Every structure is written in C-alpha cells, then in structure tokens.
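Visitor: below are the sequence and a predicted model for it; my questions follow.
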Amino acid sequence: MSLIDHAIAVNHKNAKHHDPSLANKPAPKIAILTCMDPRLNQLLEWLEIKPADADVIRNVGTATTEDVVRSLMFSIHVLGVREVMIIGHTGCGMELFSEESFEKHLHTQCGVWAVAPDRFHFYTDVNLTTQKQVLKLRSHPWIPADVVIRGFVFDLSTGELKEVTAKDDR
Ligand SMILES: [Zn+2]
C-alpha cells in the first residue's frame, strides 16, 4: 500500500476522535527555519517546544529563500512571532553537489536541460551558510529590529545544538 493510501485510510478512523479546538486561531511564539531532512522530524520534541508554539518552515538546505521570507512575514506581522531560530544540520545533502554539478545531475537523470531555479543553495560549510542566513534575515527591511534571529547547527551524531551567531550582533 502506498503511504498516501495508508494516510487516507488512517484519517477516516482518526478523524472520529479529532479535537475541534485545533480550528482556533494559531498563536505561535517562535518561527523555526530548518531543513526538510526527515531525520529532523522530531526536532520540536527534542527541543521541548510545543507544536502549537512554533511555525516550522522547512526546505532542503535551510535556505532563506524568497518563499521563506514570505512565510516569515505572516509569522511576524500577522501572528506576532518575535523569535526566529535558524537550524542547519550536519551531513546535509546540500553539501553533495555544486550548483553546476547538480544541473548536470538533473540532466543525466532526465535527459534534457530545463529552466532551472536561479539557485539551488548548495554550500560547503554549514556553519558559514547558517551565519549567512541569519545575516540575510537580520538585514531584511520588513523584519523589525526587535525580532530575535539566531542561528544554530544541529549535530545529528551527538544530538547537540551549537549556536553559530552571537546573540546580539545584529
Ligand atoms: Zn539538510
């Protein structure tokens, strides 16, 4: 059975016990930008942050893309989030390619050249790239100066979170 079919079957059963208060307005306190890597799916649990308290924004490589800014505008200016945590991680797939080698990889896989995104956001140093993502957001004119933005790298081997930016070096 495909996992989609599995999800549909389980939903029919579980919706009968659903808590209707979930339809109330959300009130997140923090926005967390991290990688889509499934090894991070329990991150909130490990950091003991309640799911209701966090807007979690994920993409491959923890990149502060235009779409991440779009989501943060809602978190900050509609829902009142005042803390942003950027969490890169060790062993990310974004270290496997360069922009050019990934386009070649896609060409090999698909047999054609196609219009590509401007950037896939590959990197070689997770500490450096995480610092850059923090600085990009801290300098964004639509993000108020009182919004705290801090960057971290999660080590998948040790389970430790290491801060890569100073607390107040905005
Ligand atoms: Zn990753």
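Guide: Yep, that arrived.
Visitor: going forward, measure contacts and count neighbours with C-alpha atoms only.
Guide: Fine.
Visitor: separation between the nearest residue to Phe120 once chain neighbours are set aside and Tyr123?
Guide: In space, Phe120 comes closest to Glu99 once its chain neighbours are excluded; the distance is 6.3 Å by CA to CA, 6 or more residues apart in numbering. Distance from Glu99 to Tyr123, counting by CA to CA, to the nearest Å: 9 Å.
Visitor: when the two are compared, which one has more neighbours?
Guide: Tyr123 (19 against 15; other CA atoms under 10 Å).
Visitor: in the protein, which residue sits closest to the ion?
Guide: Cys92 (3.7 Å; CA to the ion).
Visitor: which residue ranges of the protein form strands?
Guide: With strands called from DSSP state E, the chain shows them at 30-35, 54-59, 83-89, 148-154, 161-163.
Visitor: buried residues in stretch 148-162?
Guide: 148-154, 161 (16 or more other CA atoms under 10 Å).
Visitor: contacts only, for the residue of the chain closest to the ion.
Guide: 37, 61 (CA atoms under 8 Å, 6 or more residues apart in numbering).
Visitor: Lys29 versus that one, what's the distance?
Guide: 27 Å.
Visitor: again with Pro141
Guide: 21 Å.
Visitor: which one of those two has more residues nearby?
Guide: Lys29 (18 against 8).
Visitor: correct me if wrong: that one contacts Asp53.
Guide: Yes - counting by CA atoms under 8 Å, Lys29 does reach Asp53; the two are 5.2 Å apart.
Visitor: which one is Val56 nearest to, not counting chain neighbours?
Guide: The nearest residue in space to Val56 (CA to CA, 6+ apart) is Ile32, at 4.8 Å.
Visitor: number of nearby residues for that neighbour?
Guide: 22.
Visitor: around the ion, pick out the residues from the protein.
Guide: 35, 61, 92 (CA under 5 Å from the ion).
Visitor: can you pull the pLDDT of the last one?
Guide: In this case it means Cys92. Note on Cys92: pLDDT of 97.
Visitor: can you check the second one too?
Guide: Predicted confidence (pLDDT) for Gly61: 98.
Visitor: is it true that it touches Gly88?
Guide: Yes - Gly61 is in contact with Gly88 according to CA under 8 Å; the separation is 7.2 Å.
Visitor: count of residues packed around Glu103?
Guide: For Glu103, using other CA under 10 Å, the count is 17.
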